[in-house]
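K.L.:
take a look and give me a structure for this.
(one chain, ligands or ions: 2)
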Amino acid sequence: MIASTNTGQHEDGVDRRGFLKCMAWAGTGLLWTVGGGVLSSRTFGQDAGKATGGFRFVQISDSHIGFGKDPYKNTVIRTLEEVVARINALPQKPDFLIHTGDLTHLATPREFDTVAEILTGAKVGKIFWVPGEHDVIGDGSEYLKRFGKGTKGEGWYSFDHRGVHFLGLVNVASQGTDKGLGVLGAEQLDWMKADVAGLGDSTPIVVFGHVPLWSVYPQWGWGTEDGLRALTLLRRFGSVTVLNGHIHQTLQKVEGNMTFHTARSTAFPQPAPGTAPSPGPLKGVPADKLRTLLGLTTVASRERVGSLAITDSSL
Ligand SMILES: [Fe+2]
Ligand SMILES: [Fe+2]
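P.N.:
Ligands and ions are numbered 1, 2, ... in the order given. This is a model prediction of the structure:
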């Protein structure tokens, strides 16, 4: 159950949902705290320093190295380097980094090399990856060769970190039946069911994958067809955080004990759902505004078990 806190209703009378929507489009950050079924939101910066216990990790997404069209072809490398500098300037070193896909634009060895080289400079303990549809162009073997070690199928896996269970999912597979953009497939769902079967309901869960697991805007392919089947497997858990990329903008949704969150791209923004004839790089962004639309997400596990705080920062 979600209990309202005094931060849920703001002085200007905007309720939490309206506030969230408004903040998402304003390109600023929010800090979410989820714990014991009580959820509260704060604007970015406010109280963020108090998340001292536990650990934190960073999510970045959609670096699209190799993107070749104006006005972003000359900036995708530079803005990824700037994100690395932002990570290295964080007051607390993140335990690890998660990249939620579209590392590259065309999945060439050279593009993968460039991403890896730039991210070598990030002061994080480890990097976890999942592919975007741009990373599996062709047969997807280049991605798997580099990042598939120890994973199942097209690159899915799970791990535990300080009491939190993480699942890295693939919903962009380019090969095989029952797979594709926005599809997890029966094989992966069966694995997932078995993977979480032995976990207690109080284990905090973080799920990450490229395409949003919830239906953001299916007309543009911004949703996962069988995402509901995955989420149903997680309903019994007290705290579930779902982190995605692909749509190149921040959007949040809270449903019961589940918090859904999409990250900004490090390369270029995309239009808000339904505000353009089709998805794609946003045109006409003034150079001095671009960095407000790119960025990173930090997630902090606070001292209380099950308590996660999500903060977005623009460049
Ligand atoms: Fe992307
Ligand atoms: Fe994508």
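K.L.:
in a helix, residue 231, correct?
P.N.:
Yes - checked against DSSP: H, G, I helix; E, B strand; the rest coil, residue 231 lies within a helix.
K.L.:
wait, isn't it in contact with residue 215?
P.N.:
No - between residue 231 and residue 215 there is no contact under Cβ atoms under 8 Å: 10.8 Å. C-betas here are computed from N, CA, C, even on glycine.
K.L.:
neighbour count: those two, which is higher?
P.N.:
residue 231 (19 against 14; other Cβ atoms under 10 Å).
K.L.:
how far away is the more buried one from ligand 1?
P.N.:
Using Cβ to the ion, to the nearest Å, residue 231 is found at 22 Å from ligand 1.
K.L.:
could you do residue 56 as well?
P.N.:
Taken as Cβ to the ion, the span from residue 56 to ligand 1 is 24 Å.
K.L.:
that residue in helix, strand or coil?
P.N.:
Assignment for residue 56 (three-state DSSP): strand.
K.L.:
nearest residue to it in space, please, no chain neighbours.
P.N.:
Distances taken as Cβ to Cβ, 6 or more residues apart in numbering put residue 300 closest to residue 56, at 4.1 Å, once the chain neighbours are dropped.
K.L.:
what's around that neighbour, how many residues?
P.N.:
So residue 300, with other Cβ under 10 Å, has 22 neighbours.
K.L.:
so residue 143 lies in a helix, does it not?
P.N.:
Yes - per three-state DSSP, residue 143 lies within a helix segment.
K.L.:
from memory it sits against residue 151, does it?
P.N.:
No - contact criterion Cβ under 8 Å: residue 143 and residue 151 do not qualify, at 10.3 Å.
K.L.:
who's more crowded, the two?
P.N.:
residue 143 (28 against 16).
K.L.:
enumerate the residues of the protein near ligand 1.
P.N.:
Contact residues (Cβ under 5 Å from the ion) of the chain with ligand 1: 62, 102.
K.L.:
tell me where the chain has strands.
P.N.:
30-35, 38-43, 55-60, 96-99, 127-129, 157-161, 164-168, 205-208, 240-244, 251-255, 258-262, 295-301, 308-314 (DSSP state E).
K.L.:
would you list the ones you listed in TSV and tack on distance to residue 268?
P.N.:
Formatted as TSV, the strands of the chain follow (distance: least, Cβ to Cβ, whole Å):
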stretch	distance to residue 268
strand 30-35	22
strand 38-43	25
strand 55-60	14
strand 96-99	16
strand 127-129	20
strand 157-161	28
strand 164-168	24
strand 205-208	21
strand 240-244	17
strand 251-255	17
strand 258-262	15
strand 295-301	12
strand 308-314	13
